[in-house]
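A.B. asks: show me the folded form of this:
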Amino acid sequence: MALPGARATGIRVPSMKEGISINPGSRIVTCSYDGGGSIEIAVMPLDVRELLESVPQAES
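C.D. replies: Numbers count the residues shown, from 1 in each chain. You can find the predicted model right below:
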């Protein structure tokens, strides 16, 4: 999946409330766009690396 202009800005575990509707073992990757706005993508821990390879990480 292409996310043009997006950069990965953070990774976190789901909150207890989020864990009810998604797999509580997943990781949530936050991606921010150059023009503003962001999206959160829930992925399984083994898939985080693949996602980060397709979406550049933001500079710290």
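A.B. asks: so what's the residue positioned nearest the centre of the chain up against?
C.D. replies: The centroid of the chain falls nearest to residue 29 when counting by C-alpha atoms, centre = their mean (1.6 Å). For residue 29, the contact set (C-beta atoms under 8 Å, 6 or more residues apart in numbering) comprises 8, 10, 11, 40, 41, 42, 43, 48, 51, 52, 55. Where you see a C-beta, it was placed from the backbone N, CA and C, and this is true even at glycine.
A.B. asks: and those, which of them are in helices?
C.D. replies: 48, 51, 52 (DSSP state H).
A.B. asks: ok, of these, which come out buried?
C.D. replies: If you count burial by 16 or more other C-beta atoms under 10 Å, the buried members of the ones in helices among the contacts of residue 29 come out as 48, 51.
A.B. asks: pipe the ones in helices among the contacts of residue 29 into JSON lines and attach distance to residue 25 and pLDDT per row.
C.D. replies: Output for the ones in helices among the contacts of residue 29, formatted as JSON lines (distance: C-beta to C-beta, whole Å; pLDDT from 0 to 100):
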{"residue": "48", "distance to residue 25": "12", "pLDDT": "93"}
{"residue": "51", "distance to residue 25": "16", "pLDDT": "90"}
{"residue": "52", "distance to residue 25": "18", "pLDDT": "89"}
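A.B. asks: residue 2: which of the ones in helices among the contacts of residue 29 is nearest?
C.D. replies: residue 51 (12.2 Å; C-beta to C-beta).
A.B. asks: help me confirm that the closest one comes into contact with residue 40.
C.D. replies: No - counting by C-beta atoms under 8 Å, residue 51 sits too far from residue 40 to count as a contact (11.7 Å).
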